[in-house]
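1. coords please:
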Amino acid sequence: MALIIVGVVLIGIAVALWFNRKRQLNRSLNIKYYDTAKVVDVVDIYKQLREGLGGNYRGNVVELSGSARSDSPLQAEHSGQAAVYYRARVIHEYETLEIVREQDEEGNYYEREVVVNHQETVSDNERVTPFFLDDGSGEQIRITLEGATKHTVTTLDEYQPEPPSNYNAYGINGTTTGYRYIEEIIPLNSKLYVLGQAVEDNGELTVAKPSKDKDVEYIVSTKSEEELIKGAESSAKMSLYGTIALAIIGVVLIIVGATSKG
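-> Residues are numbered from 1 along each chain as shown. Reported below is the predicted structural model:
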């Protein structure tokens, strides 16, 4: 019975990998399909067509590349770097000594002590400031991160012995192994790749999650177009290999489990 359960789980993972492969291939195809536009051209089209639409302008999907600009940049929580977006986390990691009950080969039960690792999120802060994409064409366009697949820059990922000044571990029984500080940002003035739909939002031309072509993934990335394509195709290939391997192993385990006696 155990072999059958493991086999079913492996097939389930294989199915998930198959869908990930499709998603990655779709991302690669979309990035390749759209040519990089100039912001000034996107703005010109908007100015020509917006009249009479009552703020409901919905343009085409556009691919843009430029630098992240903001008049009110953030100061990232851990690193202090200037950013248009950041997510800063602190995770408390600690150990507890617990007693588990197990059974030996002869069917006798016994108890033993084991070390169990735990994690507790101390803080998880995410902030974004209004920002624009500037490609040097003479115009800028606002970018929203709502609904976007974001690729950020990791500015910090390290263990420190001390907790944040406002944290109290009262009530936690265990031995602290450390505090993991993690920070991911979109730096001010960083080069961005953006794939999304040009729309009017509160009277302002904005790139947002596509509603016109829902098969297009909304991407705001610190990676280049070439890096995104290479990463998507590599992920799709590895997902295919994983799908085949896990599906075969899963089927074999189910067959063995179903035909074995006892």
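
2. what's the offset of stretch 111-121 from the middle of its chain?
-> Centroid separation for stretch 111-121 versus its chain: 28 Å, with CA atoms, centre = their mean, to the nearest Å.

3. Return the set of buried residues in it.
-> By neighbour count with 16 or more other CB atoms under 10 Å, stretch 111-121 contains no buried residues. Where you see a C-beta, it was placed from the backbone N, CA and C, and this is true even at glycine.

4. Let's test this: mean pLDDT of that stretch, rounded?
-> In this model, stretch 111-121 carries a mean pLDDT of 91.

5. So what touches that stretch?
-> Residues outside stretch 111-121 that contact it (CB atoms under 8 Å, 6 or more residues apart in numbering) are 89-102, 172, 174, 177.

6. Just the ones in strands from those, please.
-> 89-102, 177 (DSSP state E).

7. Report the buried members of those residues.
-> For these, buried by 16+ other CB under 10 Å: 89-92, 94.

8. Closest to residue 216 out of the residues you listed?
-> residue 89 (29.9 Å; CB to CB).

9. bridging residues for that closest one?
-> residue 124, residue 182 (DSSP bridges).

10. Quick check: buried residues in stretch 179-199?
-> 179-188, 192-199.

11. actually stretch 132-150, not the one I wrote
-> So stretch 132-150, judged by 16+ other CB under 10 Å, has buried residues 132-135, 137, 139-141, 143-145, 148.

12. Of these, which belong to strands?
-> Using DSSP E, these in strands are 132-134, 140-141, 143.

13. farthest-separated two in those residues?
-> Top of the distance list for those (CB to CB): 134 and 143, 10.5 Å.

14. re the thing from before, in CSV, list the ones in strands among the buried residues of stretch 132-150 along with distance to residue 39 and pLDDT.
-> Formatted as CSV, these follow (distance: CB to CB, whole Å; pLDDT from 0 to 100):
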residue, distance to residue 39, pLDDT
132, 9, 98
133, 6, 98
134, 7, 97
140, 6, 96
141, 5, 97
143, 11, 98
